[in-house]
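# need a structure here:
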Amino acid sequence: MHFLRIRTAILATVLSASPVLAQDAKKPPALEFSGDLGMVDVSGNTSVSTFNANERIVRRFARWEFRQDLGVVYGKTDGVESSNLWRAGLRSDYDFSPRFAFYGLTAFDRNKFAGIKARFAEGIGGVAKLVTTDADRVNLEAGFQLTQQQNLDGSDDSFSSLRGATSWKHAFSKDAYLLQAVEVLPNLADRRDLRVNTETSIVAPLSSHIGMKFSYVVRYDNVPALNATGGASLRKSDRILSAGIQVSY
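The predicted structure follows:
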């Protein structure tokens, strides 16, 4: 009897809480902008300077969402360029229902020290919105992607990939949140060629529009490009840890 009372109490608690958990999040604003900037400069016995910047604009109307992203990481060590990474992307989503959407995207990136002169990608797929509350948003994505890659050693490579991605955004308050995102891109022509991109970000507000952003990004390529001289392959992963000021509206 004691066990039954405990089980009944737990069940009643879950049932009473479930309507709250199931409530959809408030409608997002029609226009969003965010930009962050970080910089490190060291002089004396060594000279290191690193600059990173990111920008995002999101426009929403009716069932459509359009997103534009831009980011750069540039650095020098003792006056010699040691990092040079650029990326840009455009994406549009169309909501079929509150829980499912269709997306199309195009992206560009350049990573000199990973042997990538220029890489373009175009993709389509679907989005399942597993959790859509004010506190948490969890999305699961699946799709197909085409990639055209120009390497610094002069070679070109075009291939098709599957795309799987997931993201979780947890809001601690109105302006403070944690974001965890993972993207997996298996090459359909070469099963060894697997790329994985991850991002972990935390934003802590300083005011209603300004906050501190801490992020850790990993870009993994199981079959990296050859270096510019055609020698041994480069390392399989780049890891970027950054901290800076974010402005959002």
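
# hey, let's count contacts and neighbours off CA atoms from now on
OK.

# pLDDT-wise, which helix or strand of the chain ranks last?
helix 2-22 (a mean of 41; mean pLDDT, DSSP states H and E).

# next SSE after that one?
strand 31-42 (DSSP states H and E).

# average pLDDT across that following strand?
Strand 31-42 shows an average pLDDT of 87 in the prediction.

# Next, the buried residues of it.
For strand 31-42, the neighbour count (16 or more other C-alpha atoms under 10 Å) marks 34-39 as buried.

# in its sheet, what does that strand sit against?
Its sheet considered, strand 31-42 pairs with strand 48-61 (antiparallel), strand 237-248 (antiparallel) by DSSP bridges.

# okay if I get these as JSON lines plus mean neighbour count and mean pLDDT?
Shown next, in JSON lines, are the strands paired with strand 31-42 (neighbours: other C-alpha atoms under 10 Å; pLDDT from 0 to 100):
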{"stretch": "strand 48-61", "mean neighbour count": "17", "mean pLDDT": "92"}
{"stretch": "strand 237-248", "mean neighbour count": "17", "mean pLDDT": "89"}
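
# how about these in a markdown table, adding distance to Lys27?
Compiled in a markdown table, these are given as follows (distance: least, C-alpha to C-alpha, whole Å):
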| stretch | distance to Lys27 |
| --- | --- |
| strand 48-61 | 10 |
| strand 237-248 | 18 |
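
# Out of these, flag the one nearest Gly154.
Among the strands paired with strand 31-42, strand 237-248 comes nearest to Gly154, with 21.4 Å by C-alpha to C-alpha.

# roughly how far out does the closest one sit from the chain middle?
Relative to its parent chain, strand 237-248 has a centroid offset of 12 Å by C-alpha atoms, centre = their mean, to the nearest Å.

# Contacts for it next, please.
Strand 237-248 has contacts (C-alpha atoms under 8 Å, 6 or more residues apart in numbering) with 32-39, 52, 209-221.

# Same question for stretch 178-186.
Here stretch 178-186 makes contact (C-alpha under 8 Å, 6+ apart) with 161-172, 193-203.

# are any of those buried, and which?
161-171, 194-203.

# Inside strands: which ones of those?
Judged by DSSP state E, the subset of these located in strands is 161-171, 194-203.
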